[in-house]
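**Student:** With the sequence up front, the predicted model follows.
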Amino acid sequence: MTEPSAIHPDVESTNSTATATCSVAPSQLPRPIRRAIAAEEAFVVAATERSKITRELDRLRTTLAEIDDAVSASEQRRAAMELEAARLRALLAPQKARHGKKKQRSIWRILRKRLTGWSSSSSGGNPRPREDSVLTTAAATAKPGTLTTQESLSRRFESLEPLRTFPELRGGSRVSIVTDSVSPGLLYGGVGTAILLGTLLANRLGADLRLITRHHEADPGQVGALLATFGLELEGSLGCVYSPPRSGAAVSTFAGDVYVTTSWWTTQATLAAVDPRQIVYLLQEDERMFYPRGDERQRCSEILGSEQIRFVVNSELLYQHFCEGDEPLLNIAARGHWFEPAFPNNHYWDNVEQRRQRTKRNFLFYARPNNLRNMYWRGLEAIAAAIEDSILPPEQWNFVFVGRDLESISLPFGTIPRLLENLSWKDYAALIREVDLGLSLIDTPHPSYPPLDLAASGAVVVTNRCGVKTSLDRYSANIICATPSVPGLTHGIRLGLAIVADERLRVANFESSRIMRDWPTTLDGALRFCAAHRG
Amino acid sequence: MAHDTRRSVALLRCAPRLAVEPMFVDASGPALAYRDPWQASLDERLRALVRRERHIAYFYERPDAHTFRYRVANMIEALDAQPHLGASAAWFSYDDLEHGIDFVDRAHLLVICRTRYDQRIGELIARARARRIRVLYDIDDLIFDLRHAHLVGDSIKRPLHSSEEWDWWCGYIGRLGLTLQFCDGVLVTNDYLRQRVIEFAPSMAVETIPNFYNKWQHDVSMNIFRRKFDSAPQRDGKLHIGYFSGTSTHSKDFGIVVGALDRMLDVDSSVVINIVGSLDVPPRLKRHGQRIRTLALQDFINLQRLQGEVEIAIAPTLDNHFTNCKSELKFFEAALVGTIVIASPTFAFRHAIDDGINGYLAAAHQWFDKLQEAAALLSDGGAAYRDFAYRAQEQVASRYAPEHQAKFILKAISGSTMS
């Protein structure tokens, strides 16, 4: 059945054909009929015009809405520019003030000189120089652009700005990882561990997973790649929110959220916005050690000392350090749980066959000159000493530096190490399987991943002692913990070489190592801890 | 009506001819002249209302090609196509209220669709009540409950920074919710939305009538489908991925797939992305230059042509209460023209798509893998792609065809919970 006045141009219409067969001329029709037809035509014209006007109005409304959007966007840009201008004025204000004061003092000196000159001549005696009161000559009014205390603190510690949140009405549970970035370069270290913990916790709780990033927008595909690498699957849904301090999207929140924070600053930003009982701080380093004594270190200490949140600590050693080491944190003993990182067999294994075919051995140095706690320069010294003392003769060893921000270097006897950066995770895993002896330093009590990467792949590795980290035998006898002096490290290299030279011992140590190999297993205790203590 | 026909033809708007090379060569055909199908006069609609035994009056603020098309025009067309069921229906709008609300007196049931409350709607409902006419509210979005106002605004990137913006936004949602609360029952597009209505108004009877396409869409789509697959599919050697929800309100949705699309463009030089709408191309994709094509918003008929021209249509969506209330129309519109769909596993898509059978479901971290899986169907001459497209089209045609909907509509509006 055809609708009364619907016209479907793609489907043949017989309307126009039908009307062409009418044989009576309009002028021959009776007047009442002619009037009726005219009225009908007028009505149709009016209806058609009305439709036209309605469509035009809709179009104009759409245009108006677009203009409103553009105006709103423009106002936001203007506000952002004003904010930036205020910041620049604030930066310049102290210099201007100093310049102003200098100018003021010069003018006042001249005036005073003249005034005292007049008064001395009029009184006839030695004039007593007028002393200006320090307290009264200082400017008492704030110059334009001067920041308030709160604004100053906010600018100085931008990363501590609270998460901007809004309430969401929903049920169920959600695990939200709060981190700076999930860029590929960071994904297989601490950030990757956070995602693995978050994924397994979400699966345990029957929850969705959400990534909240503060510095860069997250690509959810990176999460997929990481999970695929470790043979894990997320059972719920994955969402990503990019919420930088002071701008960008706000974060929806509800009672079923569990926030896994990844640093003291993301923890503080989250603490300021949500119920502390919803926060689990994944602690993977003593972050106080990142800073010299001062404001950051103090704030970091306060967060690490929190008695409101829960802690999941990467490695028993680090946990032990917090509980028993220098400046212990007893709250972590009371409210924390530790786990050991895992190095799955499908990516970390000892390639004995390939090793037998090598004519030269491979020495790897984990080298990050701009990460101070990796002690690049001490490592360089130790390697150079080992070469000079013929402990590591270049004719028997290939030297590889792997890390970040590397610059060309010539080791003793013109030995040029190969420099490798930005390796994909697969390429990195393949590389370390070719290593015979590694040197990986870190001036923290955490074992760090590179020594465990190497030991889990059949290499012997020298690392340094630090605080409670006096031995890593608990992981593998192929990890040598040496005093981080040059003689100490070269001695450690000698001990390492002895194991490298003894293939049976090396293999036996590898096979008896106690490095965890499965993430769900190693995180089970931590997951039970998180699930049992949900806020 | 000779003069009406000639004047109507004079007012036809032609969709712009697109300056892109054909993907499925000649599949979509030339641009189609388009005119809104809802042109009937008030008199015609009044006559249509009382044509059969049961008179169902639909009310919508102003006819448009979005909610009105699916929740009013398509419903009326479906009822008209099954006269033996004894129901006739017609739509009315604000413009008609200038002539009074007597049309209510002729109805046995009034369905108010996504309409903001004001004194005129109040009067409409009061008149219906006075005549003991049941009033149902039809809503297709989570846009009636102020408790979700912030979430919804955040999802569609609505600017909500000033008090005035919040006044407008809450007023809009509040008024829609107010009309709902004055009605006797509610019609929704899926069971997820149904649950949200029950949470909002626990005593309200709620029934589900899923969205479906109309006859014009079907006829145009069948022509496109036949041209694509009657012989071996003729393609231009490129893999076209189309995104057809391209207004700025969907920028967060599109953000889910930006990384995956970037990777696809890097690993496969034949990939081209077509974005239909006013969505800004994200910075990360701009480096691919001409391989990212943006096309103007289309009417719903020519949109079928554009969907028929691509190999893969993507429907990424955030996952929250608001998005789970949306329907699966992006799936069935594309499947109807033989285009493979990859969608986020929100409620509606999860229930419509059997992953790997008639479409693909991709969680946020799975888009690259699913794009590759869909692209692989085109290898070896595309026989697998053709089989997949046929399967999806058959399932969509049996489930969403207008001729199958009338009895479901009548059952929903007179269901046991409604009586």
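**Tutor:** Right, received. Where do you want to start?
**Student:** show me where pLDDT drops low in chain B?
**Tutor:** Judged by pLDDT under 70, chain B has its weakly predicted residues at B:1-26, B:231-234, B:246, B:415-419.
**Student:** Now do the helices in the stretch 301-450 of chain A.
**Tutor:** A:316-324, A:330-335, A:352-357, A:376-388, A:425-432, A:449-456 (DSSP state H, counting those that start in this stretch).
**Student:** Of all the ones you listed, which one is nearest chain B?
**Tutor:** helix A:425-432 (16.0 Å; CB to the nearest CB). (Each C-beta comes from the backbone N, C-alpha and C, glycine too.)
**Student:** quick one, that closest one and helix A:449-456 angle?
**Tutor:** 60 degrees (axes from the mean of the first three to the mean of the last three CA atoms, to 10 degrees).
**Student:** which secondary structure elements does helix A:425-432 contact?
**Tutor:** Counting contacts by 3 or more CB pairs under 8 Å, 6 or more residues apart in numbering or on different chains; DSSP states H and E, helix A:425-432 is packed against strand A:397-403, helix A:449-456.
**Student:** out of those, deepest packed?
**Tutor:** Highest mean neighbour count of the helices and strands packed on helix A:425-432: helix A:449-456, a mean of 26 (counted as mean count of other CB atoms under 10 Å in any protein chain shown).
**Student:** Can you show me the CA trace of it as CSV?
**Tutor:** Only the C-alpha atoms of helix A:449-456 are listed here, as CSV (Å, rounded to 0.1, in the frame of the first residue of the first chain):
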residue,chain,number,x,y,z
TYR,A,449,63.7,-6.2,37.1
PRO,A,450,66.8,-6.4,34.9
PRO,A,451,68.8,-8.7,37.2
LEU,A,452,65.8,-11.0,37.5
ASP,A,453,65.2,-10.7,33.7
LEU,A,454,68.8,-11.9,33.2
ALA,A,455,68.8,-14.6,35.8
ALA,A,456,65.5,-15.9,34.6
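**Student:** what mean pLDDT does it have?
**Tutor:** The average pLDDT within helix A:449-456 is 97.
**Student:** can you give me how far that helix is from the chain middle?
**Tutor:** 24 Å (CA atoms, centre = their mean, to the nearest Å).
**Student:** cool, stretch A:301-318 as well?
**Tutor:** 19 Å.
**Student:** For the chain, which residue occupies the most central location?
**Tutor:** Chain wasn't specified; assuming chain A. When CA atoms, centre = their mean is applied to chain A, the residue found nearest the centroid is A:Asp180 (1.8 Å).
**Student:** actually it's chain B I care about, not the one you picked
**Tutor:** Note: chain B centre (CA atoms, centre = their mean) maps to B:Leu329, 4.9 Å.
**Student:** Give the burial count for residue 200, as a bare number.
**Tutor:** With no chain named, the answer covers chain A. 22 (other CB atoms under 10 Å in any protein chain shown).
**Student:** My question was about chain B, not that one.
**Tutor:** If we define neighbours as other CB under 10 Å, then B:Phe200 has 19 of them.
**Student:** just to revisit the earlier point, quick check on the closest residue to the residue nearest to the centre of chain A other than its chain neighbours: phi, psi?
**Tutor:** Spatial nearest neighbour of A:Asp180, excluding adjacent residues (CB to CB, 6 or more residues apart in numbering or on different chains): A:His215 at 4.4 Å. A:His215 has phi and psi values of phi -110, psi -30 when expressed as degrees, to the nearest 10.
**Student:** Next one, pLDDT for A:His215 please.
**Tutor:** 93.
**Student:** Check the burial of it by counting its neighbours.
**Tutor:** 13.
**Student:** which ones are touching it?
**Tutor:** Taking CB atoms under 8 Å, 6 or more residues apart in numbering or on different chains, we find A:His215 in contact with A:Asp180, A:Ser181, A:Pro244.
**Student:** Redo these as a markdown table? Include pLDDT and secondary structure.
**Tutor:** Formatted as a markdown table, the contacts of A:His215 follow (pLDDT from 0 to 100; DSSP: H, G, I helix; E, B strand; the rest coil):
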| residue | pLDDT | secondary structure |
| --- | --- | --- |
| A:Asp180 | 95 | coil |
| A:Ser181 | 92 | coil |
| A:Pro244 | 95 | coil |
